[in-house]
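> compute the structure for the input listed below.
(2 chains)
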Amino acid sequence: MSGLAFAEAPPPSLPLRFLLTALGWGVFAGVWLAWVGAEAMLSRWTPATLVLVHALVLGLLGNAMLGSLLQFLPVATASPLPGRGAMPWLHMGFNAGVALLLATFARNAYALALPATGLLAGTLLPFAALALWAVARGRGDAQARRGIALALLALAATVATGAWLLSARTGWLAPPVRSFTDLHAGLGIVGWVVGLLAAVAGIALPTLQGTRALPARAYAAWRTLLVAALAVLALDGHWPLPSPLRALPVLPVAVFAAAALALQMRSPHVRNPVLRRFWMLGCASLLLACAALALPEGPHLPAPALLAGVLALAVGLPALVVGMALEITAFLAWIALRRRMPRGTRVPGVGRLFEEAHKQRLFALHAAAAALLVLAACAPAWARVAGVAMALAHAAALHGAWRCWRGAARFVPSPPAG
Amino acid sequence: MKLRLDLRGLAAPEPMERILDALQALPRGQCLVALTPMYPAHLLPILDAWGMAYRASADAAGTARIAICHADDAALLEAHAPP
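A predicted model of the protein is given here:
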């Protein structure tokens, strides 16, 4: 008999399918880079680069964000996502939309742009609306709820600006000013991805990594900074802005990464050491990405925007979400096992379902791929090798996560002794 | 009678594991009250499957309080209704 039946969490298989698909897109991104090679590392505007970037931000990060929200919303807001029954369809529609969008970019197949836009907008906007509803009717951590709501609004704006840009690329609408692309990227990466990561980190860093909690006032100030950064991106190109102000959009990312690193390094306890390493790699890469934007341009230097893009989109943010995905997968497998086994049955703990030593090997693969990706940004001849390493690292993570889930699904309790 | 656990300082999923372990030995007529670092949303379906009655509430700081007893003792939860 339930006191709050509406607050139940979704079945663990639901967020899991998003997380596994995210890792699958990580494999695709690596295979794509290995196939196209240096072409993807020469400019942010080539079709090869657009495919790689959107495979990472929509396929890998997008699926991981949606799956994590499904799992995290009931905990953070004491209110699950409404319309849970539609989530498997949303998962299929969203990923079909990502595939069509990548085909649109890769082949200049503009006939696919309309269904791609329809599928992406038709899945992401309802998801954002349902999640906002859950946040609005929920209770629990007020800071996390505000942060999630802000990230969801940024997601909706990212979809709207992306649909406009795609319409311009296919010739249906007049091209907007060039800075509109920066607004789209800023809304998606800074507003949606980093905004959501910061909201989740406020709870996940203390509970999963044993850090001190971030003061509520500091997090509220960071959200104000985030809104100001997005406002600057919206005004840029339409309004003459002084140079220092135009650097503002980088600041929320740098402050988030520096704060997370500082909290980890001053942590009174060390919990989940591999997750901690993934997050340290991710935060350090984000800080380097912010610093890379200040580098001078030169004939023998990598383009600052390209190096920053690799550090943030191919290394930093994937390290944060892959580390979390591995941790969440083990937790979901344990929950599914606990739900299946009757009271009184002894089941293996979360740590036994996904051994820390196995996760450490996966981290080593991701760290090696990260080093090769940065090398490829500086010397594009290494792009194919970096792509192979990236594909292998994500394939190993996908295999590890699937093996953990199958291990729990096949668990048979030992018969009582005697 | 009630058994009280303060699990707010523990890493996930240890609070859930401790609560489920404590429930293995919870006698009839008693209630387990646990303070957790987050709202225990993922615990609730397991409690349903185990035939337990519960009442959970979250506060604005993000921590939560859950009272659990056997379904036959659901009347004990009246004392734990949120204000």
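> give the other helices and strands that the lengthiest helix in chain B contacts.
Longest helix in chain B by number of residues (criterion: DSSP state H): helix B:14-24. Here helix B:14-24 touches strand B:2-6, strand B:31-36, strand B:64-70, going by 3 or more C-beta pairs under 8 Å, 6 or more residues apart in numbering or on different chains; DSSP states H and E. Every C-beta, even on glycine, is put in place using the N, C-alpha and C of the backbone.
> what about the last one, near chain A?
Yes - Strand B:64-70 lies within reach of chain A by C-beta under 8 Å from any C-beta of the partner chain, at B:A64.
> can you tell me the average pLDDT over that strand?
Here strand B:64-70 scores 93 as its mean pLDDT.
> contact partners of that strand?
A:78, A:140, B:2, B:19, B:23, B:26, B:28, B:30-40, B:43, B:47, B:51-59, B:76-77, B:79-80 (C-beta atoms under 8 Å, 6 or more residues apart in numbering or on different chains).
> what does the lowest-mean-pLDDT helix or strand in chain B contact?
Scoring the helices and strands of chain B by mean pLDDT, DSSP states H and E places strand B:2-6 at the bottom, with a mean of 87. Outside strand B:2-6, the residues that touch it by C-beta under 8 Å, 6+ apart are B:R18, B:I19, B:A22, B:L26, B:Q30, B:C31, B:L32, B:V33, B:A34, B:L35, B:A67.
> show the buried residues in the contacts of strand B:64-70.
Among the contacts of strand B:64-70, those buried by neighbour count (16 or more other C-beta atoms under 10 Å in any protein chain shown) are A:78, A:140, B:19, B:23, B:26, B:31-34, B:36-40, B:43, B:47, B:52-58, B:76-77, B:80.
> chain A contacts on chain B?
When proximity is defined as C-beta under 8 Å from any C-beta, chain B approaches chain A at B:11-13, B:17, B:20, B:23-24, B:37-42, B:44-51, B:53-62, B:64, B:71, B:74, B:77.
> return the least confident helix or strand in chain A by mean pLDDT as CSV; C-alpha atoms alone will do.
Every helix and strand in chain A was compared by mean pLDDT, DSSP H and E; the lowest is helix A:243-246, with a mean of 77. Taking C-alpha atoms only, helix A:243-246 is exported to CSV below (Å, rounded to 0.1, in the frame of the first residue of the first chain):
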residue,chain,number,x,y,z
SER,A,243,34.8,42.6,-26.0
PRO,A,244,35.0,41.6,-22.4
LEU,A,245,31.3,41.1,-22.3
ARG,A,246,31.4,38.8,-25.4
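> give me the buried positions along the longest helix of chain B.
B:E14, B:P15, B:M16, B:E17, B:I19, B:L20, B:L23.
> got the angle for that helix vs strand B:31-36?
170 degrees (axes from the mean of the first three to the mean of the last three C-alpha atoms, to 10 degrees).
> what mean pLDDT does helix B:14-24 have?
Per-residue scores along helix B:14-24 average to 91.
> again, but for stretch A:186-196
96.
> next one: it to chain centre, how far?
With C-alpha atoms, centre = their mean, to the nearest Å as the basis, stretch A:186-196 stands 9 Å off its chain's centre.
> residues in contact with that stretch: which ones?
A:57, A:61, A:65, A:68-69, A:147-148, A:150-155, A:157-158, A:161-162, A:223, A:226, A:229-230, A:233, A:249, A:252-253, A:256, A:312-313, A:317.
> now the buried members of these.
Buried among the contacts of stretch A:186-196 (16+ other C-beta under 10 Å): A:57, A:61, A:65, A:68-69, A:147-148, A:150-155, A:157-158, A:161-162, A:223, A:226, A:229-230, A:233, A:249, A:252-253, A:256, A:312-313, A:317.
> please name the bridge partners of the most centrally placed residue in chain B.
With distances taken as C-alpha atoms, centre = their mean, the residue of chain B nearest its centroid is B:I66 (3.7 Å). Under DSSP bridges, the beta-bridge partners of B:I66 are B:A34, B:A56.
> so where's the stretch 201-350 of chain A uncertain?
Residues of the stretch 201-350 of chain A meeting the criterion pLDDT under 70: A:299-302.
> can you pull out the helices in it?
A:216-235, A:243-246, A:251-265, A:273-292, A:304-309, A:317-340, A:350-353 (DSSP state H, counting those that start in this stretch).
> identify, out of the ones you listed, the most deeply packed stretch.
Highest mean neighbour count of the helices of the stretch 201-350 of chain A: helix A:317-340, a mean of 24 (counted as mean count of other C-beta atoms under 10 Å in any protein chain shown).
> quick check, that helix touching chain B?
Yes - residues of helix A:317-340 are located near chain B by C-beta under 8 Å from any C-beta, namely A:F331, A:W334, A:I335, A:R338, A:R339.
> buried residues in stretch A:171-181?
So for stretch A:171-181, counting by 16+ other C-beta under 10 Å, buried means A:P176, A:S179, A:F180, A:T181.
> and that stretch, average pLDDT?
77.
> between the two ends of that stretch, how far is it?
16 Å (C-alpha to C-alpha, to the nearest Å).
> residues contacting that stretch, please?
By C-beta under 8 Å, 6+ apart, the list of residues contacting stretch A:171-181 reads A:Y110, A:T161, A:W164, A:L165, A:S167, A:A168, A:L233, A:D236, A:G237, A:H238.
> same deal with stretch A:78-92?
A:4, A:6-10, A:14, A:17-18, A:21, A:63, A:66, A:69-70, A:73-74, A:123, A:126-127, A:130-131, A:133-135, A:137-140, B:39, B:41, B:56-58, B:64.
> which of the residues you listed fall within helices?
Filtering these for helices - DSSP H - leaves A:14, A:17-18, A:21, A:63, A:66, A:69-70, A:73-74, A:123, A:126-127, A:130-131, A:133-135, A:137.
> buried set for the helix or strand hosting A:W32?
A:W32 belongs to helix A:13-36 when assigned by DSSP states H and E. Residues A:14-34, A:36 are the ones in helix A:13-36 that count as buried (16+ other C-beta under 10 Å).
> quick check, A:A308 in contact with A:L293.
Yes - between A:A308 and A:L293 there is a contact at 4.9 Å, judged by C-beta atoms under 8 Å.
> and the angle from the least confident helix or strand of chain B to strand B:64-70?
Using the same axes, to 10 degrees: strand B:2-6 against strand B:64-70 is 150 degrees.
> adjacent strands (with direction) for strand B:2-6?
By DSSP bridges, strand B:2-6 pairs with strand B:31-36 (parallel).
> so how far is the partner strand off the chain centroid?
4 Å.
> give the next helix or strand downstream of that strand.
By DSSP H and E, the next helix or strand past strand B:31-36 is helix B:44-49.
> around chain B, which positions in chain A sit nearby?
Going by C-beta under 8 Å from any C-beta, the residues of chain A near chain B are A:1-5, A:7-9, A:74-78, A:80, A:139-144, A:203, A:206-210, A:271-272, A:331, A:334-335, A:338-339, A:342-344, A:349-350.
> of the residues you listed, which belong to strands?
Among these, no member is found in strands (DSSP state E).
> now the buried members of those residues.
A:2-4, A:7-9, A:74-78, A:80, A:139-144, A:203, A:206-210, A:271-272, A:331, A:334-335, A:338-339, A:350.
> returning to what we had before: which single one of the contacts of strand B:2-6 is nearest to chain A?
Chain A lies nearest to B:A67 out of the contacts of strand B:2-6, by C-beta to the nearest C-beta, at 8.3 Å.
> how close does the closest one sit to B:L35?
Distance of B:A67 to B:L35, given as C-beta to C-beta, to the nearest Å: 11 Å.
> ok, now A:V159?
From A:V159 to B:L35 the distance is 40 Å (C-beta to C-beta).
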